[in-house]
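Undergrad: give me coordinates for this.
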Amino acid sequence: MLGVVEVLPQHTGIAAQSDLARLSLKRSNGCIVRLISSKPKVCIIGGGFAGLNAAQQLKSGDYDVTVVDPEPYVEWLPNVHEIISGIKNGEELRLDRRRIVQRLGHRFEQTCATDLNAAAVTLANGKIVSFDACIVSTGGVANYFGVEGVSAHAIGMKSVDDCQRIAKKLRMGSLGHKTTRVAVVGGGIEGVEALGEALRAYRYKPQFEFYMVDNHQKVLSGCAGNLDSQVKSHVRNFSVDFQLGSRVSEVHKEGITLDNGKVVHSDVTIWSGGVAPSSLLYNAQLADGPDQWGEVNYAFQSRHYDNVFVVGDAAKTPKPLSKQAFHAIDMGRFAGQNVARYLSGRRLKKFEASFKPQVVTFGDMDTFMVFDGFSVSSSVLGAAKEAVYTLGLLQLSPPDNPKDFMRSVDLLQKSLRKVYIPAVNPLNLVSKLPKAKFFRR
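TA: This is a model prediction of the structure:
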């Protein structure tokens, strides 16, 4: 229960918390109104996979939770590349973030966090959210690596909107006979999946030419096994050129200039160059530099504030973890549980990452299941990634009314029609299973 205890001048600092009452702050007529709450206050900055899974661990009857995120939707980004080919239109990858948070009994603030200290978060809308514990799960932003022209002339892959823009440009290119040159910058997982979807839809269109650019000598260089040769074997009969071993020095309207002086002409440039930390981490002194992630211990506790936990892509863990959705989900759940332990005075637990193979799709031509030390290749494995997608959406927002139930049924029907049935069709299985391959590191 909340009640006003006193009104302070706006310049007054935050009072020390007592064991009997926790304090929250609210601006009112130029003053700060101090309120009493009988429940510990938790602020979660970032409503993505990590943040929402953390929120699920904190019951509204026991905690006063505020989730802060500037975007109205949570997007299932592991499948966002499928928008490029039209397998998904994008809307089925979105869930209403406010509705998810409110169904958990928590408060949602659709805005950015601009600053943070050990007691409160300052929001872009002028509000101050005080807390007893805070979870920072800001994820990352597109990393341009200081390359000139990227923001003006390339399209990233960090959102549904990004991939819908790419899909629209490719559709426009398919309507005429003029050559449309598509360049994908980045030969990692994101870039290979983008190229695969573009090829799924347009590899038989003679007006399309495709390029992949990366500073490494091989694509998927971070994955076990020589998947580079497997990817290239699939495209040898199509117009695909690999420019590997050189860095991008500039992106311009006509294409890409490499550090060796070569120019790759491009009408559509897709940037999949990785992620950089949110500026909040450095501004809030959770990171030691503007290009560094928030350093934490094995409990995800910040090295700078005992009551602040950093998870997901934003965290620099003692044992490095790849910045993947399945790690963010596990980290969020664990952080939510550790916050509950912290607020009750119990000993924090140490996070032990559970290994999960990563599924990387290359359009409809192949799917790689990447393990620690080896990889398996088979186009039939694409159904596994679709299963993670459908089950993941249901876990984040389980249907609780007829409209939600029908939406879930519709998603399942689309998955059955476009992915599951083609993958397990007996005729397809007979032709595809012999092509399955095993790759060692």
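
Undergrad: can you tell me which helices and strands whichever strand or helix holds residue 191 packs against?
TA: Assigned by DSSP states H and E, residue 191 falls within helix 189-202. Using 3 or more C-beta pairs under 8 Å, 6 or more residues apart in numbering; DSSP states H and E, the elements in contact with helix 189-202 are helix 160-174, strand 180-185, strand 208-214, strand 268-271, strand 358-362. All C-beta spots, glycine's among them, are computed from the backbone N, C-alpha and C.

Undergrad: now those in TSV, with distance to residue 331?
TA: Compiled in TSV, the helices and strands packed on helix 189-202 are given as follows (distance: least, C-beta to C-beta, whole Å):
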stretch	distance to residue 331
helix 160-174	23
strand 180-185	29
strand 208-214	28
strand 268-271	26
strand 358-362	16
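
Undergrad: just those: most buried one?
TA: strand 268-271 (a mean of 26; mean count of other C-beta atoms under 10 Å).

Undergrad: name the residues that touch that one?
TA: 142, 144, 150, 153-157, 166, 169-170, 173, 180-186, 191, 194, 198, 251, 255-256 (C-beta atoms under 8 Å, 6 or more residues apart in numbering).

Undergrad: tabulate the helices and strands packed on helix 189-202 (TSV), appending mean pLDDT and distance to residue 299.
TA: Formatted as TSV, these follow (pLDDT from 0 to 100; distance: least, C-beta to C-beta, whole Å):
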stretch	mean pLDDT	distance to residue 299
helix 160-174	97	34
strand 180-185	98	37
strand 208-214	98	36
strand 268-271	98	35
strand 358-362	93	25
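
Undergrad: who wins for proximity to residue 61 among those?
TA: Closest approach to residue 61 among the helices and strands packed on helix 189-202 (C-beta to C-beta): helix 160-174, 34.0 Å.

Undergrad: run the chain-centre distance for the helix ranked longest in the chain.
TA: Longest helix in the chain, counting residues (DSSP state H): helix 325-343. Averaging C-alpha positions (C-alpha atoms, centre = their mean, to the nearest Å) puts helix 325-343 16 Å from its chain's average.

Undergrad: one more: stretch 175-183?
TA: Counting by C-alpha atoms, centre = their mean, stretch 175-183 comes out at 30 Å from the chain centroid.

Undergrad: same thing with stretch 209-221?
TA: With C-alpha atoms, centre = their mean, you get 22 Å for stretch 209-221.

Undergrad: straight-line length of that stretch, end to end?
TA: 24 Å (C-alpha to C-alpha, to the nearest Å).

Undergrad: pull out the buried residues from stretch 107-124.
TA: Applying a neighbour-count criterion of 16 or more other C-beta atoms under 10 Å, one finds 107, 108, 109, 110, 112, 113, 116, 119, 120, 121, 122, 123 buried in stretch 107-124.

Undergrad: show me which pair in those is furthest apart.
TA: Of all pairs in the buried residues of stretch 107-124, the most separated under C-beta to C-beta is 110 and 119 at 22.8 Å.

Undergrad: please work out the average pLDDT along the helix holding residue 191.
TA: For helix 189-202, mean pLDDT rounds to 97.

Undergrad: run the angle between it and strand 358-362 for me.
TA: Relative orientation of helix 189-202 and strand 358-362, computed by axes from the mean of the first three to the mean of the last three C-alpha atoms, to 10 degrees: 30 degrees.

Undergrad: just the C-alphas of helix 189-202, formatted as CSV.
TA: The C-alpha trace of helix 189-202 is given here as CSV (Å, rounded to 0.1, in the frame of the first residue of the first chain):
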residue,chain,number,x,y,z
ILE,A,189,25.4,-16.0,-38.5
GLU,A,190,23.2,-12.9,-39.1
GLY,A,191,24.8,-12.2,-42.5
VAL,A,192,24.6,-15.8,-43.7
GLU,A,193,21.0,-16.0,-42.7
ALA,A,194,20.2,-12.7,-44.5
LEU,A,195,21.9,-13.9,-47.7
GLY,A,196,20.1,-17.3,-47.5
GLU,A,197,16.7,-15.6,-47.3
ALA,A,198,17.5,-13.2,-50.2
LEU,A,199,18.6,-16.3,-52.3
ARG,A,200,15.5,-18.2,-51.2
ALA,A,201,13.3,-15.6,-52.9
TYR,A,202,15.4,-14.3,-55.8
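
Undergrad: quick one: it to chain centroid distance?
TA: With C-alpha atoms, centre = their mean, you get 18 Å for helix 189-202.

Undergrad: between strand 180-185 and that helix, find me the angle.
TA: Using the same axes, to 10 degrees: helix 189-202 against strand 180-185 is 160 degrees.

Undergrad: neighbouring contacts of helix 189-202?
TA: The contact list for helix 189-202 (C-beta under 8 Å, 6+ apart) reads 81-87, 157, 166, 170, 173-174, 182, 184-185, 208, 210, 212, 214, 219-220, 222-223, 231, 235, 238, 240, 270, 272, 358, 360-366.
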